[in-house]
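**Q** Here is the input, now give the coordinates:
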Amino acid sequence: MTHKREIQGKVVTKSGDKTVSIVVERRVMHPRYHKVVKRFKKYLVHDERNEVKVGDEIIAVECRPLSKTKSFRLKTVVTGAK
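**A** Model (predicted):
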């Protein structure tokens, strides 16, 4: 069995039925200025039971492509929205 990639991010939009959009933040060192800067990327995640809300912190696991841009499935909700 191959290792499935896991990403953790914050839900920013509920985009249609059973789909949420999350933003994943990572911190990298700037090549010239050697300062830690934030980089962001958005992913679409499949939410089968429509259980997450905007503001939730979730973990998603990689799966087969479910649509043109959706290749992650909801694993767990880490923290709820405030």
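
**Q** Could you double-check that residue 47 sits in contact with residue 22?
**A** No. Applying Cβ atoms under 8 Å, one finds residue 47 not in contact with residue 22, separated by 10.1 Å. C-beta: built from backbone N, CA, C; applies to glycine.

**Q** Please say which of those two ends up with more neighbours.
**A** residue 22 (24 against 20; other Cβ atoms under 10 Å).

**Q** hey, what's the more buried one bridged with?
**A** Here residue 22 sits in beta bridges with residue 11, residue 43, as judged by DSSP bridges.

**Q** Need the pLDDT of it.
**A** Each residue has a pLDDT score; the one for residue 22 is 97.

**Q** and if you look at residue 67?
**A** pLDDT at residue 67 comes out at 95.

**Q** list the contacts for it?
**A** residue 44 (Cβ atoms under 8 Å, 6 or more residues apart in numbering).

**Q** Would you mind measuring from it to residue 36?
**A** Distance of residue 67 to residue 36, given as Cβ to Cβ, to the nearest Å: 34 Å.

**Q** again, but for residue 76
**A** 28 Å.

**Q** same question, residue 30
**A** For residue 30 relative to residue 36 (Cβ to Cβ), the value is 8 Å.

**Q** for residue 7, same thing?
**A** 20 Å.

**Q** Which one's more surrounded, the two?
**A** Between residue 7 and residue 36, counted using other Cβ under 10 Å, residue 7 has the larger neighbour count: 17 against 9.

**Q** mind checking the backbone torsions on that one?
**A** phi -130, psi 150 (degrees, to the nearest 10).

**Q** Report the contact partners of residue 61.
**A** Per Cβ under 8 Å, 6+ apart, neighbours of residue 61: 4, 5, 6, 72, 73, 75.
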